[in-house]
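Trainee: Got a predicted structure here, sequence first:
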Amino acid sequence: MNVKYINPFLSSSIRVIEAMMQVKPSVGQVALLPVDSRGDSLLLRIGICGQFQGDVVFNFPHQVALRIGSALMGGYPVSELDDMCCSAIAELGNMISGNASTMLYNEGIQVDITPPDIVSDHSFYARKKAITIPLDLSDIGNFNIHMFAPGL
């Protein structure tokens, strides 16, 4: 996968997380890795269509998803991945992907994104390889952004 498709997601992730959560994420080593889709993770899928096609899957460990949901809801305590928490996390993924698609468009690559979708069947992604972008949100925890495209 070309770096010109990955960099907008990196930049967008940092900007959106800083703006929405007041946390500066650290980016780990980007690599082609098998997806660790444990049953206790929340997987959020956003499709990409157009000149670049594939899926972006945000992989949040359960406890990290709860902390992110709480941060996105102004510190409101969150103890379960209910509809409100999942909606907040889906909107975070939507904002990151929407901003990345705008950056791609500004580079002359026309893409569109699908609405966010919480993945209930993790087996589809289990052990598939993806370009993986690890993000560390300090006290909140770590999560991965997986990018799938034909040919990986």
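Mentor: That came through, no problem. Numbering: from 1, shown residues only.
Trainee: Could you name the helices and strands sitting against the lowest-mean-pLDDT helix or strand in the chain?
Mentor: None of the helices or strands of the chain scores lower by mean pLDDT, DSSP states H and E than strand 31-34, at a mean of 88. Other elements packing on strand 31-34 under the criterion 3 or more C-beta pairs under 8 Å, 6 or more residues apart in numbering; DSSP states H and E are strand 129-136. Every C-beta, even on glycine, is put in place using the N, C-alpha and C of the backbone.
Trainee: Paired strands for the strand it packs on, with orientation please.
Mentor: Take DSSP bridges as the rule and strand 129-136 pairs in its sheet with strand 26-27 (antiparallel), strand 31-34 (antiparallel), strand 142-148 (antiparallel).
Trainee: what comes into contact with the first one?
Mentor: Contacts with strand 26-27, where a contact means C-beta atoms under 8 Å, 6 or more residues apart in numbering, come from Leu10, Ser13, Ile14, Ile133, Pro134, Leu135, Asp136, Ser138.
Trainee: Next, count neighbours for the last one.
Mentor: Counted with other C-beta atoms under 10 Å, the burial measure for Ser138 works out to 10 neighbours.
Trainee: And the fifth one, by the same measure?
Mentor: Residues near Pro134, counting by other C-beta under 10 Å, number 17.
Trainee: so it bridges to which residues?
Mentor: Asn144.
Trainee: my read: it touches Leu33, true?
Mentor: No - counting by C-beta atoms under 8 Å, Leu33 is not a contact partner of Pro134; they are 9.1 Å apart.
Trainee: What segments of this structure are helices?
Mentor: Assigned by DSSP state H, the chain shows helices spanning 3-21, 62-72, 83-106.
Trainee: Output these as a markdown table; include the columns distance to Lys129, mean pLDDT and mean neighbour count.
Mentor: Shown next, in a markdown table, are these (distance: least, C-beta to C-beta, whole Å; pLDDT from 0 to 100; neighbours: other C-beta atoms under 10 Å):
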| stretch | distance to Lys129 | mean pLDDT | mean neighbour count |
| --- | --- | --- | --- |
| helix 3-21 | 15 | 92 | 17 |
| helix 62-72 | 22 | 95 | 20 |
| helix 83-106 | 21 | 95 | 19 |
